[in-house]
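everything below, folded, please.
(one chain, ligands or ions: 2)
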Amino acid sequence: MLLATASEMAELDRKTIEEIGIPGIVLMENAARGAAAFFEAVIPDLARRHIVVLAGSGNNAGDGFALARIFHGKGAPVRVVCLRPAHRLKGDALINYNILHRLGIPVYHWDEREDFALQFAHVQKADVILDALLGTGLQSEVRGLYREVIDAVNALGKPVLSVDVPSGLHAGTGRVLGTAIKATATATFGLLKVGHVMGEGPARSGRVQVVDIGIPPAVTASSGIQRWLLDRGLCSSWISPRPADTHKGRAGHLCVLSGSAGKTGAAALVCEGALRVGAGLVTLFVPRSLNPVMEVKLTEAMTLPVEETEAQSVSLAARETILEFLADKEALAAGPGISLHEGTQALLKELVEKSPVPLVLDADALTILARDPAPLQNASSPVIVTPHPGEMARLAGLSVPQVQKNRLDVAAEFSRRHNVIVVLKGHGTLVAAPDGRLAVNTTGTPAMASGGMGDVLTGMIAGLVVQGLEPFRAACLGVYLHGLAAEEASGNATSRGLIATDLLPVIPRLIGRLETEDPGSSHLQADDDPHQRR
Ligand SMILES: NC(=O)C1=CN([C@@H]2O[C@H](COP(=O)(O)OP(=O)(O)OC[C@H]3O[C@@H](n4cnc5c(N)ncnc54)[C@H](O)[C@@H]3O)[C@@H](O)[C@H]2O)[C@H](O)CC1
Ligand SMILES: [K+]
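Ligands and ions are numbered 1, 2, ... in the order given. The predicted structure follows:
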């Protein structure tokens, strides 16, 4: 499902109105009718409740006025409280406002000189509040009366239904500008907005439904928006069942550079993650003295013992062997548990520059590249990096809060600048490609906060790359399946005690289901918390 910013959505509205000729008032009516149907599904006896519509002065208020008319028509006691004087209304919002008067629907204009408590009494009397204060037109911090009203509404604890976006939530980022409505549910128009799925958006928006307001699909298709919510429909469209006559030689051969003394588990998890998504063959480069350990630990993956440092990590002296071996393989996953030994650092940097096959880099590899990112620029093959926020901060020269506040921009900017695909892990993992493509993941659980989870992900992504999946899609699908496997393995209930190896046996079943699914069938299951939707 596509994700839009406020300005992209405004541009789609403009094209539909000006170039296609569908009047704005028609879009507004479609928006209000779609929202009304969704709100009635959220609160079944809504048309029998006392409803207050809180309105501002823009088209978001216009949607709210139309909703007031619709619920009045269904017999609901409706009143409208408008925080701006009537002379500030214009266009389609004014048309809908004037209709309210002709139908005798009470409209109160909030007079700032009057007592707050007196005016708020109208809101307090309601069973349900419809929030049509601010939509995609939000421009600055919410202050003054708007702020007071929003805070007072949140304190009431009554059901709040938001029109398009919870007022105060920035549609392009999911940031709260000063304050924002905490909605029970939100009906949004045309496309889902970035703000519904990023930052504080999921917590503020409640259940989200995308309402079709009549923007022609061709207009959306020509928008050039390259940002997606990684949902089931999208992921299943990227993967299909293998032909019956497939053999392991056609399913790709992954090489893995992982592990050192004390970190052999990381190497095993990378290898097994790759095998579980269907990599045909996996070979692990292993420090010579650790080979006996890895031979016991790994059954299906092969090992290639190579030169080691005195710290039992792979050394620079192994470079010829490794580069030669890589020549006819499909990808290299490198980093987890390789150590920060000088010799290993030198090897890693050389492999990043010279690898003849795509690379998936994680953990120690990212620490090494944060100290010296030049090899990324000089890489001769596509690179995927999979940092957690701490690693992203080091790579980008920022603090962790700076990364977390700005996840989308930081990932996109690093991707573009260093020409690498970035998988920024954390709640709502992001995948950014240098050409501007960006995806936000929907799967995962807090139970994933345990050692080794990232190693499995590295293996899964690399294992998809060797099977020929384009690197951005491989990263997206790996992230999606990884989160789904964790949900499945933790039974969706427990929030602790899940370990990385628990994910492995459930992966094949999940892929099997995804492969055989009709992508069209689940595209529009869009009426829930975006982070709960698959
Ligand atoms: N025909 C269409 O274009 C459709 C639009 N729809 C709805 O319209 C809103 C977007 O409307 P817009 O008029 O651009 O903006 P808003 O109503 O969200 O608000 C603008 C209004 O608010 C003032 N303002 C901005 N920031 C603040 C602030 N921090 N504090 C107070 N006031 C602020 C600003 O000056 C304007 O006066 C969209 O969300 C949809 O709900 C429908 O989709 C139908 C098609
Ligand atoms: K709103």
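
can we go C-alpha only for contacts and neighbour counts from here?
Fine.

ok, and what's touching stretch 378-396?
By Cα atoms under 8 Å, 6 or more residues apart in numbering, the list of residues contacting stretch 378-396 from outside reads 352-363, 366-367, 369-371, 373, 376, 399-400, 402-404, 410, 414, 419-426, 458, 471, 475.

what parts of the stretch 1-150 of the chain come near ligand 1?
For the stretch 1-150 of the chain, the residues in contact with ligand 1 (Cα under 6 Å from any ligand atom) are 13, 24, 27-28, 31, 57-61, 63, 134-142.

wait, residue 331 touches residue 254, no?
Yes: using Cα atoms under 8 Å, residue 331 is in contact with residue 254, at 5.2 Å.

list residues touching both of those two?
462, 466.

drop anything exposed from the contacts of stretch 378-396.
The neighbour-count test (16 or more other Cα atoms under 10 Å) applied to those identifies 352-363, 366-367, 369-370, 373, 376, 400, 403-404, 410, 414, 419-426, 458, 471, 475 as buried.

what lies in contact with the helix or strand containing residue 457?
Assignment of secondary structure by DSSP states H and E places residue 457 within helix 453-465. Under the criterion Cα under 8 Å, 6+ apart, residues 254, 266-267, 269-279, 330-333, 336, 358-362, 386, 471, 474-475, 477-479, 482, 499-500 lie in contact with helix 453-465.

one more time with 6 Å
Taking contacts as Cα atoms under 6 Å, 6 or more residues apart in numbering, the residues outside helix 453-465 that touch it are 266, 269-271, 273-274, 277, 279, 471, 474-475, 478, 500.

let me know the closest of the residues you listed to residue 287.
Comparing these against residue 287 with Cα to Cα places residue 266 closest, at 13.6 Å.

which strands and helices sit next to whichever strand or helix holds the closest one?
Following DSSP H and E, one finds residue 266 within helix 264-276. Using 3 or more Cα pairs under 6 Å, 6 or more residues apart in numbering; DSSP states H and E as the contact test, the elements touching helix 264-276 are helix 453-465.

and the angle from the helix it packs on to helix 264-276?
In this structure, helix 453-465 runs at an angle of 30 degrees to helix 264-276, with axes from the mean of the first three to the mean of the last three Cα atoms, to 10 degrees as the basis.

now helix 453-465 - C-alpha only, PDB.
Taking Å, rounded to 0.1, in the frame of the first residue of the first chain, the C-alpha atoms of helix 453-465 are listed here in PDB:
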ATOM      1  CA  MET A 453      17.600 -11.700  16.000                       C
ATOM      2  CA  GLY A 454      19.700  -9.400  13.800                       C
ATOM      3  CA  ASP A 455      21.900 -12.200  12.700                       C
ATOM      4  CA  VAL A 456      18.900 -14.200  11.500                       C
ATOM      5  CA  LEU A 457      17.700 -11.200   9.600                       C
ATOM      6  CA  THR A 458      21.100 -10.700   7.900                       C
ATOM      7  CA  GLY A 459      21.000 -14.300   6.700                       C
ATOM      8  CA  MET A 460      17.400 -14.100   5.600                       C
ATOM      9  CA  ILE A 461      18.000 -11.000   3.400                       C
ATOM     10  CA  ALA A 462      21.200 -12.500   1.900                       C
ATOM     11  CA  GLY A 463      19.400 -15.800   1.400                       C
ATOM     12  CA  LEU A 464      16.700 -14.000  -0.700                       C
ATOM     13  CA  VAL A 465      19.300 -12.100  -2.700                       C
END
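
quick check: next helix or strand after it?
Next along the chain after helix 453-465, taking DSSP H and E as the criterion, comes helix 471-489.

which outside residues touch that following helix?
Helix 471-489 has contacts (Cα under 6 Å, 6+ apart) with 443, 444, 445, 460, 461, 464, 465, 503, 507.

tell me the secondary structure for the residue nearest in space to the middle of the chain?
Here the mean C-alpha position of the chain is nearest to the C-alpha of residue 440 (Cα atoms, centre = their mean), at a distance of 2.0 Å. On the three-state scheme (DSSP: H, G, I helix; E, B strand; the rest coil), residue 440 is labelled strand.

quickly list what it is bridged to.
residue 229, residue 430 (DSSP bridges).

shaky segments in the stretch 251-400 of the chain?
Residues of the stretch 251-400 of the chain meeting the criterion pLDDT under 70: none.

can you give me the helices for it?
Listed from the start of the chain, the stretch 251-400 of the chain has helices (DSSP state H, counting those that start in this stretch) covering 264-276, 291-297, 319-326, 342-354, 364-371, 374-378, 389-396, 400-405.

looking at the ones you listed, which is closest to ligand 2?
With respect to ligand 2, and counting by Cα to the ion, the nearest of the helices of the stretch 251-400 of the chain is helix 400-405 at 22.4 Å.

so which of the helices of the stretch 251-400 of the chain is nearest residue 18?
With respect to residue 18, and counting by Cα to Cα, the nearest of the helices of the stretch 251-400 of the chain is helix 400-405 at 36.2 Å.

name the residues that touch that closest one?
Applying Cα under 6 Å, 6+ apart, the set of residues contacting helix 400-405 from outside is 390, 393.

contacts for the following helix or strand past that helix, please.
On the C-terminal side of helix 400-405, the nearest following helix or strand under DSSP H and E is helix 407-418. Outside of helix 407-418, the residues that reach it under the criterion Cα under 6 Å, 6+ apart are 377, 421, 422, 432, 433, 434.

now the fourth one: how far from residue 362?
Counting by Cα to Cα, to the nearest Å, the gap from residue 432 to residue 362 is 16 Å.

what's the answer for the first one, then?
In this view, residue 377 and residue 362 are 17 Å apart by Cα to Cα.

on that earlier part again, who wins on neighbours among the contacts of helix 471-489?
The member of the contacts of helix 471-489 that has the most neighbours, counting by other Cα atoms under 10 Å, is residue 460 with 32 neighbours.

report pLDDT for that one.
Reported pLDDT at residue 460 in the predicted model: 98.

then residue 112?
The predicted local confidence for residue 112 is 79.

secondary structure element holding it?
With DSSP H and E as the test, residue 112 turns up in no helix or strand.

over to the nearest residue to it once chain neighbours are set aside: give its phi and psi.
With sequence-adjacent residues excluded and distances taken as Cα to Cα, 6 or more residues apart in numbering, residue 112 is closest to residue 145, at 7.5 Å. Residue 145 adopts backbone torsions of phi -60, psi -40, taken as degrees, to the nearest 10.
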